[in-house]
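K.L.:
Need the 3D shape of this:
(2 chains)
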Amino acid sequence: MTVVVSASAHTLGVDEAEQTVLAGSGGAVLQAAGLCREYGTVIAVDGIDLSMNEGEFLTVFGPNGAGKSTLLGMLAGAMRPTAGSVSVRGKPLLSSDTDWRHRIGMLSHKGFLYGRLTVEENLRFYGKLFGLSDLDERIPARLEQVGLTQRIRFEARQLSHGMRQRLSLARALLHDPDVVLLDEPYTGLDPSAASVLRDVLDELKDGRRTVVMVTHNLREGLEMATRLAVQVAGRFAWEGDNQGLGRKDFERHYHDVVEGRA
Amino acid sequence: MSTYLTQVWAIVWKDLLLEIRSRERIAAMGAFAVLAGVLFNFSIDTTTTRPEDVAAGLIWMTLVFGGLLGVGRTFHLEAQDDAFQGVLMSPAPKDAVFLAKTTANFALLYAVSLLVLGVFSLFFGLNLGQNLGWLVFVLGLGSLGFVALGTLFAAVSTGTSMGETLLPVLVFPLLVPMVIYGVGTTTRLIDGRPFSEVEGNVRMLGAFALAALAAGAVLFRYVVEE
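P.N.:
Sure thing, here's the model as predicted:
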C-alpha cells in the first residue's frame, strides 16, 4: 500500500523522510506485504504493507469496521489473507510450519481462556501446547507480572473482567514471544486494571520485542507507541513515528484523517 | 515424552478435566442410555421376541444416538471465550489436536457404551458370560470409529449456522458400515457364538476405526483452519 503522508502529518512535525514504509527492508521482525482480506464483497483489509523492527511499538487507531482486528488476525496467522503475505523474521506464516507460532503472542478481544480451569491450569495448558518445560518457574513469574499471584487457584470464570484480561496477557506472554499483538486490550477495564495493564505493556518495551496494538484509546495508544497508524476502510490512511504528539493534537489529526480532510 | 505427545496429552487432560467439572456431556449421554434401556424394555414383547435377537441393534442405536449428544458438543466448551482459537494459534499440530479431541471423546463414549451394555443386559436379562470380554472389545472398536468421524464432523457442524442439527445428517450415512458390522458381531456374541465366527467382522470394525482416525487426522486441519 502507499502511505498517505498528509499535510496534517507535516504540521504535526512528522518528517517525511522518517515515514516508515519499510516493506522489504532487511532485519525486520514482522513484515506484511500487500495484505488483503475480503469477506464476500466487503473488503476488510485492502493492501496493507508493514515492516517492523525489534523494539518497535506500533499502535493502529481507526474507527469501527476499519479492519483493524482483521489485520491483527492475519498478522497472528489466525486468518488467511485473501492476498498478500506475512512473515516473521523472514519466515512466511505457513500453516504447515508451526515454528513461527512460538514467536507470536496475541491478546484478543476474547481471552482464549477456559472458565472452568484455574488460573494456573489455564497457563499450564497453554504452556504445554507451546512445549515449555520450565512451567513451574515461568507461571509464577508471569502471574506476578500481571498481579494475579493471589488468584492462582481461582477458576478463570470467577475472575473479574480486568483480571481475566490480565490472565489473558499472561497467557499471551507465557512463551516469551518476539511479536506481541494486542487487540483493544483496554476495553472494559477500570482505571486500576488499566494501570496494571499499562505497567505490563511498558515492560514489553524492552527493545527486543515488536508490538502491534489496535485500540480506540488515544491516550493509552499514544503513550505506548513508537509508531502510529490510522486505519480507515481497510487501508493505512496515515502513519508515522510518534514524536511526542500531544493527545489533543493527535485527536484533531485523527478526526481529520478519518473524515477524509487530511 | 515428545512434544507431540505432550500436546496431545495436554488437550486430553484439559477436555476430561472440563468434563469432570461440568459433567455436561457425560450426564446427558448417561441419562439417555439408561432411559433408552428402560423404554426399549417396555416396548419389546418378550413373549413373541427373543431379547437376544434385538438387543444388539438396540444397543448400537442407543450408542449412536447417545454418542451424538456428547460428540456434538465437543467444541461448545471450546467456543466460550474463543478458547479453541487459542489452541489453533499454538504450535500444536492440527492432527495432534484432532487425535486429542478424539481420545477424550473416546474415553467418554466408551464409558457410556459400557453403561449401555450393562443397562441392556440387566433389562433384557442377557447372559453375556463367556463373551463379555469380546463384547467390551467390539464396543470399544465401534466407539473409536464413531468418535473419530463424530469429532471431525462436529468441527464441521459447529462452524455452520445449523450447528448440531447438521451433525446427524453428515455422520449417519458414514456410520452405516460400522453399524452393520457392529450389530452383526454383537448379535452373535450375545448369542454365545465363538469369537472365530465374528473375527472377520471385528477386523472390518477395526479397519473402519483406523480409516476414520486417519481421515480425521488428515482432514481436520482443513476444517478448522480458515
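K.L.:
Any idea which residue is closest to the centre of chain B?
P.N.:
Nearest to the mean C-alpha position of chain B, by CA atoms, centre = their mean, lies B:S143 at 3.7 Å.
K.L.:
Where does it sit, in terms of helix or strand?
P.N.:
B:S143 is located in helix B:132-158, with elements delineated by DSSP states H and E.
K.L.:
got the contact list for residue 196?
P.N.:
Picking chain A for this. A:146-147, A:162, A:166 (CB atoms under 8 Å, 6 or more residues apart in numbering or on different chains). C-beta: built from backbone N, CA, C; applies to glycine.
K.L.:
Same question for the helix holding B:S143: list its buried residues.
P.N.:
By 16 or more other CB atoms under 10 Å in any protein chain shown, the buried positions in helix B:132-158 come out as B:134-135, B:137-158.
K.L.:
picking up where we left off before, can you tell me how far the residue nearest to the centre of chain B is from B:D95?
P.N.:
Distance, B:S143 to B:D95, using CB to CB, to the nearest Å: 20 Å.
K.L.:
tell me which parts of chain A are close to chain B?
P.N.:
Residues of chain A found near chain B (CB under 8 Å from any CB of the partner chain) are A:76-80, A:95, A:98-99, A:101-102, A:104, A:106, A:108-117, A:121, A:125-126, A:128-131, A:156, A:171.
K.L.:
how many neighbours does whatever residue of chain A ends up closest to chain B have?
P.N.:
Nearest to chain B in chain A, going by CB to the nearest CB, is A:F112, at a distance of 2.8 Å. A:F112 has 24 neighbours, counted by other CB atoms under 10 Å in any protein chain shown.
K.L.:
tell me, how many neighbours does the closest residue to it other than its chain neighbours end up with?
P.N.:
Spatial nearest neighbour of A:F112, excluding adjacent residues (CB to CB, 6 or more residues apart in numbering or on different chains): B:G86 at 2.8 Å. B:G86 is flanked by 25 other residues according to other CB under 10 Å.
K.L.:
For the stretch of helix or strand B:G86 belongs to, which helices and strands make contact with it?
P.N.:
Here B:G86 sits within helix B:83-88, counting by DSSP H and E. Applying 3 or more CB pairs under 8 Å, 6 or more residues apart in numbering or on different chains; DSSP states H and E, we find helix B:83-88 packed against helix B:76-79, helix B:94-123.
K.L.:
for stretch B:4-11, what is the average pLDDT?
P.N.:
Averaged across stretch B:4-11, pLDDT comes to 96.
K.L.:
hmm, back to that, residues contacting the residue nearest to A:F112?
P.N.:
A:112-113, A:126, A:171.
K.L.:
May I ask which two of these are separated the most?
P.N.:
Taking CB to CB, the two most distant members of these are A:L113 and A:Y126; they sit 9.2 Å apart.
K.L.:
ok, the nearest residue to A:S160 once chain neighbours are set aside to A:D199 distance?
P.N.:
Spatial nearest neighbour of A:S160, chain neighbours left out: A:A193 (7.8 Å); criterion: CB to CB, 6+ apart. Taking CB to CB as the measure, A:A193 and A:D199 are separated by 11 Å.
K.L.:
more crowded one of those two?
P.N.:
A:A193 (19 against 12).
K.L.:
helix or strand for the more buried one, which one?
P.N.:
For A:A193, the enclosing helix or strand under DSSP H and E is helix A:191-204.
K.L.:
Check which residues of that helix are buried.
P.N.:
So, applying 16+ other CB under 10 Å, buried residues of helix A:191-204: A:193-194, A:196-198, A:200-201, A:204.
K.L.:
just the helices in the stretch 51-200 of chain A please.
P.N.:
Shown for the stretch 51-200 of chain A, the helices assigned by DSSP state H, counting those that start in this stretch span residues A:68-75, A:119-129, A:135-145, A:161-173, A:191-204.
K.L.:
among these, which is nearest A:R261?
P.N.:
For the helices of the stretch 51-200 of chain A, the distance to A:R261 is smallest for helix A:68-75, at 20.6 Å, taking CB to CB.
K.L.:
List the neighbours of the closest one that are in contact with it.
P.N.:
A:30, A:32, A:35, A:37, A:44-45, A:48, A:50, A:60, A:62, A:79-81, A:86, A:104, A:106, A:108-109, A:179, A:181, A:183-184, A:212, A:214, A:231.
K.L.:
Kindly recompute the last result at 6 Å.
P.N.:
Residues outside helix A:68-75 that contact it (CB atoms under 6 Å, 6 or more residues apart in numbering or on different chains): A:35, A:37, A:44-45, A:60, A:62, A:79, A:81, A:86, A:181, A:183, A:214, A:231.
K.L.:
does any bit of the helix or strand of chain B with the lowest mean pLDDT sit next to chain A?
P.N.:
Lowest by mean pLDDT, DSSP states H and E among the helices and strands of chain B is helix B:76-79, with a mean of 82. No. Residues of helix B:76-79 contacting chain A under CB under 6 Å from any CB of the partner chain: none, with a closest distance of 7.4 Å.
K.L.:
Quick one: the helices of the stretch 51-200 of chain A as JSON lines, columns for distance to B:Y110 too.
P.N.:
Listed next are the helices of the stretch 51-200 of chain A as JSON lines, based on distance: least, CB to CB, whole Å:
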{"stretch": "helix A:68-75", "distance to B:Y110": "38"}
{"stretch": "helix A:119-129", "distance to B:Y110": "23"}
{"stretch": "helix A:135-145", "distance to B:Y110": "30"}
{"stretch": "helix A:161-173", "distance to B:Y110": "32"}
{"stretch": "helix A:191-204", "distance to B:Y110": "44"}
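K.L.:
between those helices, which gets nearest to B:A36?
P.N.:
Across the helices of the stretch 51-200 of chain A, B:A36 has its closest neighbour in helix A:119-129 (34.8 Å, CB to CB).
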